[in-house]
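S.K.: here is the input, now give the coordinates:
(chains A and B)
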Amino acid sequence: MFCYQCEQTNKLAGLAGCTVAPGTCGKDETTADLQDLLIHQAKGIAQYAHRARALGVVDKDLDAFLLYALFTTLTNVNFHIPRFQQLIQEAAKRRDAIRDRYIEAATARGIPPETLFGPADFQPAEGLEQLLAQALHVSVRAGEASVGADVVGLRALILYGMKGVAAYAHHARVLGYQDDEVDAGVEAMLDYLAQDPTDIEDLLEHALGVGHLNLRVMELLDAANTGSFGAQEISSVRITPVKGKAILVSGHDLHDLQLILEQTQDQGIHIYTHGEMLPAHAYPELKRYPHLTGHWGGAWQDQQREFADFPGPIVVTSNCIIEPGRSYKNRLFTTGPVGWPGVRHLEHGNFAPVIQAAKAMPGFTADADTEKRLTIGFGRHTLLGVADKVVDAVKNGDISHFFLVGGCDGAASTRHYFTDVAARAPRDSVVMTLGCGKFRFNKEEFGDIGGIPRLLDMGQCNDAHSAIQVASALASAFQCGVNDLPLSYMVSWFEQKATAVLLSLLALGIKGIYWGPTWPGYMTPHLVQEFQSRFELKLISDAQSDLRAELA
Amino acid sequence: MANHEITAHTRDGQALSFVCGEDENLLGAAERQNIFLPSQCRKGSCGACVAKVRMGTYEIGAVHSELLHPRERAEGHVLLCRTTPHSSLALDLPYDHAFVRRQRVPERWAEILSLKTVAPGTRHLLLALDEDDLYGRAADFEPGQYMEIGVPGTTDRRAYSLANVTNWEGHLEFVIQQRPAGLFSRYLESAKVGDRLSVKGPLGVFTLQEHGLHPRWFIGGGTGVVPLLSMLRRMAEWGESHPAHLYFGAHDAESLFFTSVLRELQGELPQLQVKYCVSTVETRGEHQGNILDTLAADLKSAGTSPDLYLCGSPRLVQGARACALTHGVAPERIYAERFTSA
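M.R.: Prediction:
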């Protein structure tokens, strides 16, 4: 077993990476190895799909499978060995099918079809033990002895960025938003990785290519969310429970949430969001359901306590899932790419078992003593709607600076940095948040500047697209580049969607981003130097020093 | 009286600690400190609180020899309810930390929904839990666990394995072998639909191991097949794809029960193979012979070593374990629960 895709990876043994099962996330060796195999197969599928597309053969169902397969291997998504065995066998069949279509199309055009090797040629074994033996040869660090850690690190950066791309594209797709340019980009990038590239400059260029691809994907997901549910609007969300039966919905999948809301209408069940599902309360087509009652809990790493305390069933629609406690495992359900052994998985959007569980369980037996609320919904539509007011506030000197404090949360105590940044930011500055890192401080009182709240939540991590739009609009208003704005980026990372977002920000030419709490395990000292010199990427230090530097 | 530091490690490597005096047993001392370790009879006759002492000196009281073989005692196995420390102890607990409770086991009330005879002297009992503030109607348990049912008119309880899976209707399903002198058996003779019973649980750590993909072989004698049925039903409901064998042992063919239930289950779990093993030649008919002989023959020809789940009399469990070890099944892949008469 070897995995270093997330921030939480083991850093105690010299080389960063989880080498002993279970990994820090709870992933066992078999799951880790099967995920490596599935990634290898995804590259093989892409080798043929990329060439088939050039001949006019497009298989959208296959592209959906690629996104789904990559998504299952994201941190804290799927730990279910039988699911990976099934996916591996399915991937082999799909690869054979696209290979045949490619050969047929090439032959029909009188072009000699290429004979492809590597992942394209991979045949998975039938038995588990044989599969695990095969996995030894396709680890993320395969070939490091001959090509070096820098090359392997950049390949990993591209692969992990692509996992983030796949997750966002999958969320858009389940809402009916698909884009050929994105599908082609995914195929091309995986095909590139299948060639085991070794040129550092070329790898760096492709890493930024992932960033560009992710910009298009975030735009697509933004269109999917706003097209399906309307533009986010300023909304007040109850964060204390009310008496009654209850269902908790965690993860990022707004489509699943809408299905649950639809299927529980007029049944006396309150629906609560958890973690990254918080921004759902700002979308008009979701908040119109009167039983979308409130939000429960904070970021993903606290779920074992928060789920145990919730008196109803819980649905996890995407990352992050961590080992379920005995007290709530039987009322936990997964959907989509998510899986955990012994936890019921729901398919085809049928939430009847969840509703049955909600009706059988006691729910909240009384209203909370005190009603508490959060204000959210400062997506790009909201902020751009008051752009004139914001620009005036900057010109008048009422707003001196903006801080984008975005990204994932995690258990590490060093992440307190992001709380400190928000708390110590000057009173005449505005803090914009996205992702689940905000739960560390979003219940604090930040006040406002001339009616503009000092804490503006822009949404889920994919709403980085909104942040980019706002930054571009501000730059346009001030007739300067985005790097010249009084805007600082303090980005926390945990999993691979944050990797994709970082690559997008770098691809846009944004410099001086503060990144943390640690460098990724796959970033060698040399790669860190490269990123520091090319993009002025900085590792977070302490909030006071970083704020002083940014405000200087 | 000296207090000794007791450190215990669960199977998944988590540590817990408590102190225990020389005038109390380990199980009671842990509970005094709100650590509720899996247990049942608390008098050394069921084996539910077995653990292994890795370090330290102790004294162990009277224990039924079927529950703790002299060889096991020599290796440091103890029953926590019968063990008193003479020094600090380091213990290994044969279950995951999730099975250690910090609160008392729930006690609820239930009503008899149906009571049927499914084989001579074997009753099928279906209960419906009352709704309460803490649990609602939910019957929340792991497949393989058991409940203690209060015997009406007495302060005694009897433990029976659950045959169904966790559910939202509050149903608890049992199959009970009636014994002539059994306290609960005598109650069942006059029990009727609508009777109310107190139930305590879920209890027990004999549960399905959810990680891994090894084939699962289930070996049950008589009503020892009940918790195995719960595990198989769980596999069917969750759509688990592990290859599965069930060996259902009985003294005679008439004692077999739930054959139609198992046929239906095979419809939902196509990979399930069921072998009925009947000891008495006269009634064997088309069934297999002695369950241990059948198991030995299949283990010999098995391509992949399975995970084994054993439940039944101490004799059956010991025999099946010895058979499995002989055929190369790793000890840590054998999960067992022994039934004793109540």
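S.K.: just give me the neighbour total for residue 250.
M.R.: With no chain named, the answer covers chain A. In terms of burial, A:Ser250 registers 30 neighbours under the definition other Cβ atoms under 10 Å in any protein chain shown. C-beta: built from backbone N, CA, C; applies to glycine.
S.K.: the intended chain is chain B.
M.R.: By other Cβ under 10 Å, 23 other residues sit near B:Ala250.
S.K.: any bit of the strand ranked longest in chain B sitting next to chain A?
M.R.: For chain B, the strand with the greatest residue count under DSSP state E is strand B:107-119. No: in this structure, strand B:107-119 remains apart from chain A according to Cβ under 8 Å from any Cβ of the partner chain; the gap is never smaller than 12.7 Å.
S.K.: ok, now how distant is the one residue sitting closest to the centre of chain A from A:Ser318?
M.R.: Centroid-nearest residue in chain A, with Cα atoms, centre = their mean: A:Lys497, separated by 3.4 Å. Applying Cβ to Cβ, to the nearest Å, the value for A:Lys497 to A:Ser318 is 10 Å.
S.K.: same deal with A:His50?
M.R.: Where A:Ser318 is concerned, A:His50 sits at a distance of 27 Å (Cβ to Cβ).
S.K.: ok, the two, which is more surrounded?
M.R.: Here A:His50 and A:Ser318 are compared on neighbour count by other Cβ under 10 Å; more neighbours surround A:Ser318, at 26 against 20.
S.K.: which residue, neighbours along the chain excluded, lies closest to that one?
M.R.: Distances taken as Cβ to Cβ, 6 or more residues apart in numbering or on different chains put A:Gly251 closest to A:Ser318, at 3.7 Å, once the chain neighbours are dropped.
S.K.: so what's that neighbour up against?
M.R.: Neighbour list for A:Gly251: A:275-277, A:315-319, A:335, A:338 [criterion: Cβ atoms under 8 Å, 6 or more residues apart in numbering or on different chains].
S.K.: one step back: is any residue of the helix or strand following the longest strand of chain B near chain A?
M.R.: Using DSSP states H and E, the next helix or strand after strand B:107-119 towards the C-terminus is strand B:122-129. No: using Cβ under 8 Å from any Cβ, strand B:122-129 stays clear of chain A, coming no nearer than 9.8 Å.
S.K.: got any residues that touch both of A:Lys497 and A:Ser318?
M.R.: When contacts are counted by Cβ under 8 Å, 6+ apart, A:Lys497 and A:Ser318 have A:Ala167 as shared neighbours.
S.K.: would you agree B:Glu131 is in contact with B:Ala139?
M.R.: No: look at B:Glu131 against B:Ala139 with Cβ atoms under 8 Å: they stay out of range, at 11.2 Å.
S.K.: of the two, who's got more company?
M.R.: With neighbours defined as other Cβ under 10 Å, B:Glu131 and B:Ala139 compare such that B:Ala139 has more, 27 against 14.
S.K.: test my guess that the more buried one contacts B:Leu172.
M.R.: Yes: the pair B:Ala139 / B:Leu172 is scored as a contact, 5.7 Å apart, by Cβ under 8 Å.
S.K.: anything in contact with each of these two?
M.R.: Contact criterion Cβ under 8 Å, 6+ apart; residues shared by B:Ala139 and B:Leu172: B:129, B:164.
S.K.: dump the residue contacts of A:Pro214.
M.R.: Let me fix one detail, which is that residue A:214 is Asn and not Pro. A:Asn214 sits next to A:161, A:164-165, A:168, A:500-501, A:503-504, A:507 when contact means Cβ under 8 Å, 6+ apart.
S.K.: any chance of those in TSV, with neighbour count, secondary structure and distance to chain B too?
M.R.: Below are the contacts of A:Asn214 laid out as TSV (neighbours: other Cβ atoms under 10 Å in any protein chain shown; DSSP: H, G, I helix; E, B strand; the rest coil; distance: Cβ to the nearest Cβ, whole Å):
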residue	neighbour count	secondary structure	distance to chain B
A:Gly161	28	helix	30
A:Gly164	28	helix	27
A:Val165	31	helix	30
A:Tyr168	30	helix	29
A:Ala500	28	helix	30
A:Val501	31	helix	33
A:Leu503	27	helix	34
A:Ser504	26	helix	37
A:Ala507	18	helix	40
